[in-house]
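[1] Quick check, what structure comes out for this input:
(one chain, ligands or ions: 1)
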Amino acid sequence: MLGAGHRTNRTDRFERPVVPSKKALVRRPSPRLADGLVTHIEREKVDVGLAGEQWEAYVEALRTHGWETIEVEPADDCPDSVFVEDAVVMYRNVALITRPGAESRRAETAGVEEAVARLGCSVNWIWEPGTLDGGDVLKVGDTVYVGRGGRTNAAGVQQVRAAFEPLGARVVAVPVSRVLHLKSAVTALPDGTVIGHIPKIDRPSLFPGFLSVPEESGAHVVLLGGSKLLMAASAPKTAELLTDLGHEVVTVDISEFEKLEGCVTCLSVRLRELYA
Ligand SMILES: NC(=O)NCCC[C@H](N)C(=O)O
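    Here you go, the predicted model:
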């Protein structure tokens, strides 16, 4: 018998069958992690050894909850490469390789492109003058919110429209000025409710069905499947709120990545649909 949510008749525009997947890309931290970029917060000393342990625990949490993790070739010369989400945006089985807004991060995309191509994804690219970081893209059903901020420019937003609208997406541009990325401010629960910490959001009214959370890092959830959410240990009040709303919260300590403005979402790329 097929599991709930299994769609047998989904095809891409070339009638190739696509099926649900629970694969996640991850990328081992660079030994140069401590040199990662910091924009909106004060720089704090990063313990690279501890970061390695936290990364292993994060990957283990994904695996424990049914995700097959696929390691992208490490990029040891790129301090921020562990934040693999910024290098690619998935919409169904189509991978859009980004052109990161920070020049120091551009070399990260080659290894990610290779990984998604190997998985059989259809591959597209953001081209100059466009810039886009994956952290600026939040998908809620077929709505794709794109943060226009410090890392993603107007041409980048237009190119996301060109790539995904023909596939049925509705692309909504959102101003982002108070945090690094759109998903540093908001993510979404399994029922589509957008959650965020109000002081960090430029225009909360852009999101229908919005729930305010008490902590900045409480705004970051990875949907593990069913009612399970992966969250950072740094947001206990939000974890309590979401548990009280019937979600099952799994926490990981990612303190060393938070010192570099990273969050649970940016440490992996979830591929939820792939070619059969
Ligand atoms: N999607 C994300 O939230 N990425 C975090 C990137 C942090 C990295 N230090 C950066 O500034 O690019």
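[2] does residue 147 count as helix, strand or coil?
    Recorded secondary structure, residue 147: strand (DSSP: H, G, I helix; E, B strand; the rest coil).
[3] For it, give the beta-bridge partners.
    residue 174 (DSSP bridges).
[4] Tell me which residues touch it, please.
    Neighbouring residues of residue 147 by CB atoms under 8 Å, 6 or more residues apart in numbering: 135, 136, 137, 138, 174, 175, 176, 181, 182, 183, 185. Just so you know, the C-beta spots here come from the backbone N, C-alpha and C atoms, and that holds for glycine as well.
[5] Turn those residues into a markdown table, columns for neighbour count, pLDDT and distance to the ligand.
    Shown next, in a markdown table, are the contacts of residue 147 (neighbours: other CB atoms under 10 Å; pLDDT from 0 to 100; distance: CB to the nearest ligand atom, whole Å):
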| residue | neighbour count | pLDDT | distance to the ligand |
| --- | --- | --- | --- |
| 135 | 29 | 98 | 2 |
| 136 | 30 | 98 | 8 |
| 137 | 28 | 98 | 9 |
| 138 | 22 | 98 | 11 |
| 174 | 21 | 98 | 15 |
| 175 | 13 | 98 | 17 |
| 176 | 27 | 98 | 11 |
| 181 | 28 | 98 | 5 |
| 182 | 27 | 98 | 9 |
| 183 | 28 | 98 | 6 |
| 185 | 28 | 98 | 10 |
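[6] what's the neighbour count on residue 250?
    By the criterion of other CB atoms under 10 Å, residue 250 has 18 neighbours.
[7] interface residues of the stretch 151-276 of the chain facing the ligand?
    Residues of the stretch 151-276 of the chain that fall close to the ligand, judged by CB under 6 Å from any ligand atom: 180, 181, 183, 184, 260, 261, 262, 263, 266.
[8] Spatially, which pair of these is furthest apart? Let me know, please.
    Largest separation among those by CB to CB: 183 and 260, giving 14.9 Å.
[9] follow-up on the earlier one: just checking, which of the contacts of residue 147 belong to strands?
    Taking DSSP state E, the ones among the contacts of residue 147 that sit in strands are 137, 138, 174, 175.
[10] Just the pLDDT for residue 161.
    What the model reports as pLDDT for residue 161 is 98.
[11] Provide a list of residue ranges in the chain with pLDDT below threshold.
    1-9, 12-14, 16, 276 (pLDDT under 70).
[12] which residues in it form helices?
    Under the criterion DSSP state H, helices of the chain are mapped to 48-64, 109-118, 154-164, 182-185, 236-244, 255-258.
[13] Distance to residue 127 for those helices - can I get that in CSV?
    Formatted as CSV, the helices of the chain follow (distance: least, CB to CB, whole Å):
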stretch, distance to residue 127
helix 48-64, 31
helix 109-118, 12
helix 154-164, 7
helix 182-185, 21
helix 236-244, 38
helix 255-258, 29
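[14] and the closest residue to residue 83 other than its chain neighbours, how many neighbours does it have?
    Of all residues not flanking residue 83 in the chain, residue 266 sits nearest, at 4.3 Å (CB to CB, 6 or more residues apart in numbering). Residues contacting residue 266 under the criterion other CB under 10 Å number 26.
[15] Next up, the contacts around residue 266.
    So residue 266 contacts 83, 84, 85, 86, 134, 135, 181, 183, 257 (CB under 8 Å, 6+ apart).
[16] now do 6 Å
    Neighbouring residues of residue 266 by CB atoms under 6 Å, 6 or more residues apart in numbering: 83, 85, 135.
[17] same question, residue 222
    Contacts for residue 222 (CB under 6 Å, 6+ apart) come out as 230, 264, 265.
[18] Who is it paired with across the strands?
    Residue 222 has the following beta-bridge partners by DSSP bridges: residue 230.
[19] For residue 28, see how far away it is.
    Distance, residue 222 to residue 28, by CB to CB, to the nearest Å: 18 Å.
[20] Up against the ligand, what does the stretch 1-150 of the chain have?
    Neighbours of the ligand within the stretch 1-150 of the chain, by CB under 6 Å from any ligand atom: 36, 37, 39, 80, 83, 85, 86, 102, 105, 135.
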